[in-house]
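> Make a model of this:
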Amino acid sequence: MGNEVELLEHWRELTPEKQQKVLEFVELLKSESETTPLESDFLPQTPLGKKLWSIRQRAIAAGLQLLSEDEIELELAVRRGGFRES
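Model (predicted):
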C-alpha cells in the first residue's frame, strides 16, 4: 500500500490540468494492456524489425491510434487513387 499513499501524495500536489493528464495516461496504459496482451512476448529478429517495433512502441506511448489492417488498405487505396464510394 506504500505506492498508493505515495501516488496520492504526489497527486494532491498537481494542478487540476496535470491531474487530468495523469488520468489520461492511466487510461492509455489500461487500454494498452487490454488490447495488446501478447505483444510483450514479441521480439523482432532483424535490425529493420527492431527499428519498426521501436517506432511503433513510441507511437503507442505518445497516444497515437494505430490503424487496423482494413484501415491501412483503405488509406493506401485513397492515396493511390483507387478508392471509390459505393
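
> For residue 53, which non-adjacent residue is spatially closest?
Spatial nearest neighbour of residue 53, excluding adjacent residues (C-beta to C-beta, 6 or more residues apart in numbering): residue 44 at 4.6 Å. The way it works is simple: take the backbone N, C-alpha and C, and place the C-beta from them, glycine included.

> just the helices in this protein please.
Across the chain, reading from the start of the chain, the helices by DSSP state H fall at 2-13, 16-35, 47-61, 69-79.

> What is the least confident helix or strand in the chain?
Here the helix or strand of the chain ranked lowest by mean pLDDT, DSSP states H and E is helix 16-35, holding a mean of 79.

> Tell me the pLDDT of residue 1.
In the prediction, the pLDDT value recorded for residue 1 is 62.

> ditto for residue 50
Residue 50 is assigned a predicted lDDT (pLDDT) of 91.

> Spit out the contact partners of it.
The contact partners of residue 50, taken as C-beta atoms under 8 Å, 6 or more residues apart in numbering, are residue 44.

> where's it relative to residue 72, distance?
When distance is defined by C-beta to C-beta, to the nearest Å, residue 50 is 21 Å away from residue 72.

> Kindly report the same for residue 79.
Using C-beta to C-beta, residue 79 is found at 11 Å from residue 72.

> Likewise for residue 41?
With the distance defined as C-beta to C-beta, residue 41 ends up 23 Å from residue 72.

> Neighbour count: those two, which is higher?
For residue 41 versus residue 72, the count of surrounding residues by other C-beta atoms under 10 Å is larger for residue 72: 11 against 6.

> any idea how far that one is from residue 78?
The gap separating residue 72 from residue 78 is 11 Å, by C-beta to C-beta.
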